[in-house]
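Fold the following and give me the result.
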Amino acid sequence: MYILQVNIHVKSDHIEAFKAASLENAAASTKYEAGCARFDVMQQADDPTRFTYIEVYRDTDSANKHKETRHYNHWREVAEPLLAEPRARVIYNNIFPKDLGY
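Here you go, the predicted structure:
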């Protein structure tokens, strides 16, 4: 599995627009991309301008293909101007549950 944790800081006056764009992208990713096993969107409880995505892809190729989709590129066009700073991401290797659990 190829797992991304993406940390995002949004401008305070754009939270709802960012959430809407993020939910649309996450739902389309899990529905239309066979290589996307999971796409979690989380908002920080004590700072609503901060979000974290956990994106789980079956392999690196699937993660790369995600960036070619219409829904990702739409998200990028809408969401990037709403950011307070550039996104930060970390790549992880899966330990548990086993990859077959996805």
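
From residue 98, how far out is the residue nearest to the spatial centre of the chain?
Centroid check for the chain by Cα atoms, centre = their mean gives residue 53 as the closest residue, at 4.3 Å. Distance of residue 53 to residue 98, given as Cβ to Cβ, to the nearest Å: 22 Å. In this view, the C-beta of every residue, glycine as well, is placed from N, C-alpha and C.

before we move on, what about residue 62?
Residue 62 is 18 Å from residue 98, by Cβ to Cβ.

what about the two, which has more around it?
residue 62 (18 against 9; other Cβ atoms under 10 Å).

Can you tell me, leaving aside adjacent residues, what's nearest to that one?
Excluding its sequence neighbours, the residue lying closest to residue 62 (Cβ to Cβ, 6 or more residues apart in numbering) is residue 35, at 2.5 Å.

so who does that neighbour touch?
Residues in contact with residue 35, defined by Cβ atoms under 8 Å, 6 or more residues apart in numbering, are 57-59, 61-63, 65-66.

Going by distance to residue 29, which of these wins?
Within those, the smallest distance to residue 29 is 6.3 Å, found for residue 66 (Cβ to Cβ).

Tell me the confidence at the residue nearest to the closest one when sequence neighbours are not counted?
Sequence neighbours aside, residue 72 is the residue nearest to residue 66 in space, at 5.6 Å (criterion: Cβ to Cβ, 6+ apart). Looking at residue 72, its pLDDT is 98.

Is residue 72 in contact with residue 32, as I believe?
No: with contacts counted by Cβ atoms under 8 Å, residue 72 stays clear of residue 32, the gap being 10.6 Å.

Please consider this matter closed, and thank you.
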